[in-house]
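Q: compute the structure for the input listed below.
(2 chains)
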Protein chains: 2
Amino acid sequence: MLTPPNPPAPRGPFVTFVGAGPGAAQHLTLGAYHALQGADLIIHDRLVGPEVLALIPVHIPRIDVGKEGFGKQAAQADINAALIAHASTGAHVARLKGGDTGIFGRLDEEISALEGAGIAYAIQPGLTAASVAAAAIGQSLTQRGRNAALRIVTGHDMAGFADQDWRGLAQRGEVAAIYMGKKSARFIQGRLMMQGAGADTPVTLVENVSRADQRIIACTLATFAANAAQLAGPAVILLGLAPRAATQHISHLQEAQA
Amino acid sequence: MLTPPNPPAPRGPFVTFVGAGPGAAQHLTLGAYHALQGADLIIHDRLVGPEVLALIPVHIPRIDVGKEGFGKQAAQADINAALIAHASTGAHVARLKGGDTGIFGRLDEEISALEGAGIAYAIQPGLTAASVAAAAIGQSLTQRGRNAALRIVTGHDMAGFADQDWRGLAQRGEVAAIYMGKKSARFIQGRLMMQGAGADTPVTLVENVSRADQRIIACTLATFAANAAQLAGPAVILLGLAPRAATQHISHLQEAQA
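A: You can find the predicted model right below:
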């Protein structure tokens, strides 16, 4: 039984942007769950996990707009038009996006379109892949004495490979979650090593975060591009983090050799 | 009715780290909600919102360990000892932390303690304040053509005011969420301006994120320290972001003057 208050959805043209989290239903928020149950129509990206889609009541129509993220040449204008057209009929539309609505999700562009059409909206943020991937490897994204800052960056932007602060990211102890970094893995590796990052810097790839086919690949900066080339699904690259068990294993080995 | 699978909690000594999100019950995940329902005992930080605490069944005992975050001199050793002592009785302990477990939550220190005691654990990540605060002001944390990277930083660390990459953060178009930055606001302001950040850089303070007493203060780098000094509750500082309505208002004003 669900005890939190579940306010009735406003009627009339309305869009709720809903962050689906990276995949597993358990990472959906209560608010996101309620928004899906109360929608008249759901417009979702391809990256929304099947477990989350399975929570949508069968009577609610859904439209797969196929967008996979920041940097891809999806027809954003078509998505905006679909949002406006469906909401304008008086429907309550849930716009379901993978991960968090506000991180590499083009939320602003869709909000601008709605504002232009005079359509009200609300936002239900979701868990971003970095948080869930870090939990999967038993690590935190910040750590006293190691890193007092976390960066969430994309490997790809509108212009192709994203220009990032490689010099800063190459510093020892830096932790970053790199999204959409599969295709640019060799570029990222090269930039970081050129800026002096150690070849043994830990890198963990988490593919299909929190899904049934989740895969964790622990490697180093020296080997990560080759490993990234093997990935089929979406992945987050955790720079500066090794899975907890592996960290301990390595530390035991070093003790044994000392 | 809740349709997602709700696997029975493992019995025997076990700790589930649960991210509570910043405050409102709607931002709790389904997995976190289930973890709380299935716990024998809940050990929580002071920053966990009352709405989330209200979801805990009344028969489950709870312990408030009072910790408020990264950098504070809380008795971490005492918290570790309490986790071990309670789990060792065979209880399933939920360790409930404000926000996300992996962001400024000292998760590693507690996991290390459990591993030392041979106690198994799981992690249910939660929504971090930055995501929810950005949603509250109608903005996304990344935006095509503006920022392809987001930083999550703390204003305070073990040594006092945290040393951050002020030069990088001072760049035009940078977006950062600064946690625990109230006391160090004047320091942060000074460092950023010394590194050339514009006095008119937008800054938004979101106090008591997603709670009934949430307050949004839109200001600029020039005025943010004075505004931060007025805050009573925990706040996240969104550097480089203005609330959406204000952004538009300013843009209209500029058009009017042109």
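Q: name the residues that touch the helix or strand where A:Thr16 lies?
A: Element membership of A:Thr16 [criterion: DSSP states H and E] is strand A:14-19. With contacts defined as CB atoms under 8 Å, 6 or more residues apart in numbering or on different chains, strand A:14-19 is touched by A:9, A:29, A:32, A:35-36, A:39, A:83, A:87, A:92-102, A:105, A:107, A:110-111, A:114, A:119-128, B:131. (C-beta placed from N, C-alpha, C; glycine too.)
Q: filter the residues you listed down to the buried ones, PyMOL style.
A: To isolate the buried members of these in PyMOL, using 16 or more other CB atoms under 10 Å in any protein chain shown:
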select buried, (chain A and resi 9+29+32+35+36+39+83+87+92+93+94+95+96+97+98+99+100+101+102+105+107+110+111+114+119+121+123+124+125+126+127+128) or (chain B and resi 131)
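Q: mind listing which of the contacts of strand A:14-19 are in strands?
A: Judged by DSSP state E, the contacts of strand A:14-19 include A:His92, A:Val93, A:Ala94, A:Arg95, A:Leu96, A:Lys97, A:Ala120, A:Tyr121, A:Ala122, A:Ile123, A:Gln124 as members of strands.
Q: OK, now which residue of the stretch 151-258 of chain A is nearest to chain B?
A: Per CB to the nearest CB, A:Val153 is where the stretch 151-258 of chain A lies closest to chain B, at 4.1 Å.
Q: how about that residue, secondary structure?
A: strand (DSSP: H, G, I helix; E, B strand; the rest coil).
Q: run through the bridge partners of it.
A: For A:Val153, the beta-bridge partners under DSSP bridges are A:Ile178, B:Ala149.
Q: same deal with A:His92?
A: Beta bridges link A:His92 to A:Phe14 when assigned by DSSP bridges.
Q: tell me the confidence at it?
A: For A:His92, the pLDDT comes out at 96.
Q: please apply the same query to A:Leu253.
A: Per the predicted model, pLDDT is 40 at A:Leu253.
Q: quick one, helices of the stretch 51-200 of chain A?
A: Along the stretch 51-200 of chain A, counting by DSSP state H, counting those that start in this stretch, helices occupy A:76-88, A:107-117, A:129-136, A:166-169, A:185-194.
Q: okay, buried residues for the fourth one please.
A: Looking back up the chat, that one is helix A:166-169. Across helix A:166-169, burial judged by 16+ other CB under 10 Å covers A:Trp166, A:Gly168, A:Leu169.
Q: can you sort out which of those residues also neighbour chain B?
A: A:Gly168 (CB under 8 Å from any CB of the partner chain).
Q: need the buried residues of helix A:166-169 in CSV (columns: pLDDT and distance to B:Arg215).
A: What follows is the buried residues of helix A:166-169, written out as CSV (pLDDT from 0 to 100; distance: CB to CB, whole Å):
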residue, pLDDT, distance to B:Arg215
A:Trp166, 95, 38
A:Gly168, 95, 33
A:Leu169, 96, 34
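Q: go through the buried residues of helix A:166-169 and name the one nearest B:Pro243.
A: Of all those, B:Pro243 sits closest to A:Gly168, with 28.4 Å by CB to CB.
Q: for that closest one, give me its contacts.
A: Counting by CB under 8 Å, 6+ apart, A:Gly168 touches A:Arg151, A:Glu174, B:Asp165, B:Gly168.
Q: of those, which is the nearest to B:Asp64?
A: So of the contacts of A:Gly168, ranked by how close each gets to B:Asp64 (CB to CB), first place is A:Arg151, at 33.0 Å.
Q: ok, the closest one - contacts?
A: With CB under 8 Å, 6+ apart, A:Arg151 has these contacts: A:Gly168, A:Leu169, A:Glu174, A:Val175, A:Ala176, A:Ala177, B:Ala149, B:Leu150, B:Arg151, B:Ile152.
Q: quick check: it vs B:Ile43, distance?
A: 31 Å (CB to CB, to the nearest Å).
Q: what's the closest non-adjacent residue to A:Ser184?
A: A:Gly155 (3.9 Å; CB to CB, 6 or more residues apart in numbering or on different chains).
Q: actually A:Ala228, not the one I wrote
A: Nearest residue to A:Ala228, sequence neighbours excluded (CB to CB, 6+ apart): A:Ala185, at 3.6 Å.
Q: tell me the confidence at that neighbour?
A: Per-residue confidence at A:Ala185 stands at 96 (pLDDT).
Q: what's around it, how many residues?
A: Residues near A:Ala185, counting by other CB atoms under 10 Å in any protein chain shown, number 22.
Q: which residues sit in contact with it?
A: A:Gly155, A:Phe224, A:Ala225, A:Ala228, A:Ala229, A:Ile237.
Q: how many neighbours does the third one have?
A: Around A:Ala225 sit 19 other residues, with neighbours defined as other CB under 10 Å.
Q: that one - that's part of a helix, no?
A: Yes - the assignment for A:Ala225 is a helix, going by three-state DSSP.
Q: who's in contact with it?
A: Per CB under 8 Å, 6+ apart, neighbours of A:Ala225: A:Ala185, A:Arg186, A:Ile188, A:Gln189.
Q: with the fourth one instead?
A: If a contact means CB under 8 Å, 6+ apart, then A:Ala228 has A:Gly181, A:Lys182, A:Ala185, A:Leu205, A:Ala235, A:Ile237 as its contacts.
Q: doesn't A:Gln189 make contact with the first one?
A: Put plainly, it is A:Gly181. No - A:Gly181 lies out of contact with A:Gln189 (CB atoms under 8 Å); the separation is 9.8 Å.
Q: between the two, which one's more packed in?
A: Remark: of A:Gly181 and A:Gln189, A:Gly181 carries more neighbours, 27 against 21, as counted by other CB under 10 Å.
Q: tell me the confidence at that one?
A: The predicted local confidence for A:Gly181 is 94.
Q: just give the nearest non-adjacent residue to it, would you?
A: A:Gly155 (3.1 Å).
Q: my guess is the one you found meets A:Lys182, correct?
A: Yes - with contact defined as CB under 8 Å, A:Gly155 and A:Lys182 form a contacting pair (7.3 Å).
Q: please save the CA atoms from the strand holding A:Thr16 in CSV.
A: The C-alpha coordinates for strand A:14-19 follow below in CSV (Å, rounded to 0.1, in the frame of the first residue of the first chain):
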residue,chain,number,x,y,z
PHE,A,14,-0.6,19.7,-19.2
VAL,A,15,2.7,18.0,-19.6
THR,A,16,4.6,16.3,-16.8
PHE,A,17,8.3,15.7,-17.6
VAL,A,18,9.2,12.5,-15.9
GLY,A,19,12.7,11.1,-15.2
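Q: how big is the angle separating it from helix B:129-136?
A: Orientation of strand A:14-19 against helix B:129-136 (axes from the mean of the first three to the mean of the last three CA atoms, to 10 degrees) gives an angle of 170 degrees.
Q: so for strand A:14-19, mean pLDDT?
A: Strand A:14-19 shows a mean pLDDT of 97.
Q: what's the angle between that strand and strand A:120-124?
A: Going by the same axes, to 10 degrees, strand A:14-19 makes 20 degrees with strand A:120-124.
Q: contact partners of stretch A:235-247?
A: Residues contacting stretch A:235-247 (CB under 8 Å, 6+ apart): A:129-130, A:133-134, A:137-139, A:141, A:147, A:155, A:169, A:173-179, A:181-182, A:185, A:188, A:192, A:201-209, A:216, A:218, A:221, A:224, A:228, A:250, B:111.
Q: what's around A:Val58, how many residues?
A: A:Val58: 7 neighbours (other CB under 10 Å).
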